[in-house]
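**Q** Just a sequence and a predicted model for now, questions to come.
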Amino acid sequence: MSLYTITGAQLAFGHVALLDHADFSLESGERVGLIGRNGAGKSSLLKIVAELAKPDDGLVTRQQNLTTVYVPQEPEFDTDDTVFDAVAAGLTHARALLDEFDVVADQLSDEPEGAQHDALMARMNTLQSSLDAADAWNWNTRVATTLQQIGLNGEARVGSLSGGMQKRVALARALVVQPDVLLLDEPTNHLDFDGIRWLEDLLVSQRAALLFITHDRAFLDRVATRIVELDRGRLLSYPGNFSAYRTRKAQQLEIERVENDKADKLLAQEEVWIRKGVEARRTRSVGRIARLVEMRNQRAERRNVQGNVKLDVGQGEKSGKIVAELTDVTKRYGSRTVIDRFTATVMRGDKIGFVGPNGAGKTTLLKMILGDLPPDEGTVRIGTNLQVAYFDQMRAQLDLEKSLADTISPGSEWVEVNGQKKHVMSYLGDFLFAPERARSPVKSLSGGERNRLLLARLFARPANVLVLDEPTNDLDIPTLELLEELLTDYDGTVLLVSHDRAFLDNVATSVIAAEGGGKWREYVGGFTDWQIQSDRSQQLAQEAQKEASKDAAKEAAKDTAALKDSSASRNTPRAARLSFKEQRELDALPEKIAALEAEQKAIGAQLEDGSVFAKDAHEGKRLSERYAAIDAELLIALERWDELENRRK
């Protein structure tokens, strides 16, 4: 049986139908990726499932006592709260039940036998059942366990955390509820590559059913078990991940095109027939006329495929062959070294992706390459005839009060792209902005629409170097794919910062990666190539380190043997005997070592199971500490046994 079902849902804003007799269901254990164009109504559907909104019409059914938790795209917190309090806020209802239970218990102890006493007893029994069902008795332990699983410090202040860590807090607040259905709106926003991998592993291991919105194709491939596309008001379901969806979608569109062509041909034939002369009209069939009316209606109601963004970048004059040359550049902020002795050459036509965790210094390195930021040490040589167009991830270049038309072409109604003049209304239409919206202020646009507008502004200016800082945020998948195609065919230089792995794979010809401690290294290829090469480099380094450790151990053993021989020659030839107490200690050591190993094995089994943390977090912590302490005790015991055994011999 489905956990949640929508049948014949309708939802409209003004004249735009977001849901048009749409059907949807969610099964237990499913992980459903919801995709569609920006503004198609995906977030509205998510809010309907979360019971934060209602459809205009349609039937919604859900299982009884279904627990649903919604994590919005931009979670809100009290910045003064600790992480523990922010996560515990997810259990507000359970804690309220517990507080009421305590109040009723106090009242019951003071209330004499009678009707009021019986009413309090009945309420107490009801509360106890609710607390048992919500597993609210140990809410404190649940919060502590969730924090440990997600890797959060409960004592930290939420306001001091980065956007990525705040996203983790929001997920912890949702997961501590132990929901049946988890709803996520753009969960990868603000997360770097490590954060996205962590989230993928977390969601794949969850028992809850999952419905999430994302434009990250690699994330959809890893997490989704079904893709649901919101297309022209209808919800279309495709089993499998995003790669399987693309194959099925292409087949479906081709079938739809063939069927529409057949229907159009038949309609044209019937229109010719109905317009024949007087003789033909005398013998017209009433049934045939009715069929023609029906065909006209079907043609009028046909859902034509939505238009796509038309991207074309204004090509500037060619830059010099060398765009930038960096030699042993270093950049520090206080005591922190962001870039440490980095050397690289950026050539005309390079498409370079910059990757690394949030705060690693990707934007700093970009500014140094462009000559906007001088290095503390080393030299930067900038090439000639550079025309730079900059895409800012914070959209700081957009004036929220200006109209769309003034943003694209201030003071003029025309835009010139690649030597061709275009009216600003037509140019905005290429980016899917209707003419009536051209005079609307920028502040009326959604996040995805603002990114489209910024791309329109960027591409309206001639440039031979494109600098794109997180251009993929909030862009829908069709626009992403068109942007990839444009950048691949672009003759100029592209410097790209992105956390979209598929986008980097499809665009970048090389990757400059942060490797920690201010060290940066360039790899040939896209994101996947970087991962393969980086993993191989780490593997080789580990193997070399092991070999070096083995060689050092051999040398140390030789030195120790030589030292023992020298010491033996200096001392008396009579071997030192063990005392009675030492002999007894030696005899007891094997049993002691065996007991410690058995205890450690038993604790390891408990910790591996993980249930101990759910039952009693303090006991779990104690066992973890004891496991580590046994390691130290075993080492001491083994060293003592080795020492006494050598002396005895």
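**A** Here it is on my side, so go on.

**Q** now the helices: where do they sit in the stretch 101-250 of the chain?
**A** 115-134, 139-150, 163-175, 193-205, 217-223, 242-274 (DSSP state H, counting those that start in this stretch).

**Q** ranking those by mean pLDDT, which is last?
**A** Of all the helices of the stretch 101-250 of the chain, mean pLDDT reaches its minimum on helix 115-134 (a mean of 76).

**Q** list the contacts for the spatially most central residue of the chain?
**A** For the chain, the residue nearest the mean C-alpha position is Thr188 (2.1 Å; Cα atoms, centre = their mean). Contacts here follow Cβ atoms under 8 Å, 6 or more residues apart in numbering; on that basis Thr188 touches Gly195, Ile196, Leu199, Thr214, Asp216, Phe219, His499. To be clear about C-beta, it is placed using only N, CA and C from the backbone, and glycine gets the same treatment.

**Q** Look up how far Val497 lies from Asp489.
**A** Applying Cβ to Cβ, to the nearest Å, the value for Asp489 to Val497 is 21 Å.

**Q** where does Leu495 land in three-state SS?
**A** Under DSSP: H, G, I helix; E, B strand; the rest coil, Leu495 falls in the strand class.

**Q** do you know how far it is from Asn473?
**A** Counting by Cβ to Cβ, the gap from Leu495 to Asn473 is 17 Å.

**Q** who's more crowded, these two?
**A** Higher neighbour count among Leu495 and Asn473: Leu495, with 24 against 21, using other Cβ atoms under 10 Å.

**Q** Now that one: closest residue in space that isn't a chain neighbour?
**A** Once flanking residues are discounted, Leu495 sits nearest to Val467: 4.8 Å by Cβ to Cβ, 6 or more residues apart in numbering.

**Q** Look up which helix or strand the one you found falls in, please.
**A** Using DSSP states H and E, Val467 maps to strand 465-469.

**Q** For that strand, buried residues please.
**A** In terms of neighbour count (16 or more other Cβ atoms under 10 Å), strand 465-469 has its buried residues at Val465, Leu466, Val467, Leu468, Asp469.

**Q** Pull the number of nearby residues for Leu91.
**A** Leu91 has 23 neighbouring residues, counting by other Cβ under 10 Å.

**Q** for the closest residue to it other than its chain neighbours, what are its contacts?
**A** With Cβ to Cβ, 6+ apart as the criterion, Leu91 has its nearest non-adjacent residue at 4.9 Å, and that residue is Trp139. Trp139 makes contact with Ala88, Leu91, Ala94, Arg95, Leu98, according to Cβ under 8 Å, 6+ apart.

**Q** list the contacts for Lys54?
**A** Here Lys54 is in contact with Ile48, Val60 (criterion: Cβ under 8 Å, 6+ apart).

**Q** doesn't it fall inside a strand?
**A** No: read with three-state DSSP, Lys54 is coil and lies in no strand.

**Q** how close does it sit to Ser44?
**A** Applying Cβ to Cβ, the value for Lys54 to Ser44 is 10 Å.

**Q** How about Leu578?
**A** Distance, Leu578 to Ser44, using Cβ to Cβ: 82 Å.

**Q** the more surrounded of the two?
**A** Using other Cβ under 10 Å as the criterion, Leu578 and Ser44 rank with Ser44 on top: 17 against 14.

**Q** Now name the helix or strand holding the more buried one.
**A** Assigned by DSSP H and E, Ser44 belongs to helix 42-49.

**Q** Off-centre distance for that helix?
**A** 19 Å (Cα atoms, centre = their mean, to the nearest Å).

**Q** Now the next helix or strand after it: average pLDDT?
**A** Next along the chain after helix 42-49, taking DSSP H and E as the criterion, comes strand 57-62. For strand 57-62, mean pLDDT rounds to 91.

**Q** what ranges do the strands span in the stretch 251-400 of the chain?
**A** Taking DSSP state E, counting those that start in this stretch, the strands of the stretch 251-400 of the chain run over residues 322-333, 336-347, 351-355, 377-382, 388-391.

**Q** Which strands or helices does the last one pack on?
**A** Strand 388-391 makes packing contacts with helix 447-459, strand 465-469 when contacts are defined by 3 or more Cβ pairs under 8 Å, 6 or more residues apart in numbering; DSSP states H and E.

**Q** Tabulate those (CSV), appending distance to Gln206.
**A** Conversion of the helices and strands packed on strand 388-391 to CSV gives the following (distance: least, Cβ to Cβ, whole Å):
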stretch, distance to Gln206
helix 447-459, 27
strand 465-469, 32
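
**Q** Let's have these in TSV, adding mean pLDDT and distance to Gly163.
**A** Below are the helices and strands packed on strand 388-391 laid out as TSV (pLDDT from 0 to 100; distance: least, Cβ to Cβ, whole Å):
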stretch	mean pLDDT	distance to Gly163
helix 447-459	78	14
strand 465-469	87	15
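
**Q** out of these, deepest packed?
**A** Highest mean neighbour count of the helices and strands packed on strand 388-391: strand 465-469, a mean of 22 (counted as mean count of other Cβ atoms under 10 Å).

**Q** in the helix or strand following that one, what counts as buried?
**A** Going down the chain from strand 465-469, the next helix or strand is helix 477-489, by DSSP H and E. Going by neighbour count (16+ other Cβ under 10 Å), the buried part of helix 477-489 is Ile477, Pro478, Thr479, Leu480, Glu481, Leu482, Leu483, Glu484, Leu486, Leu487.
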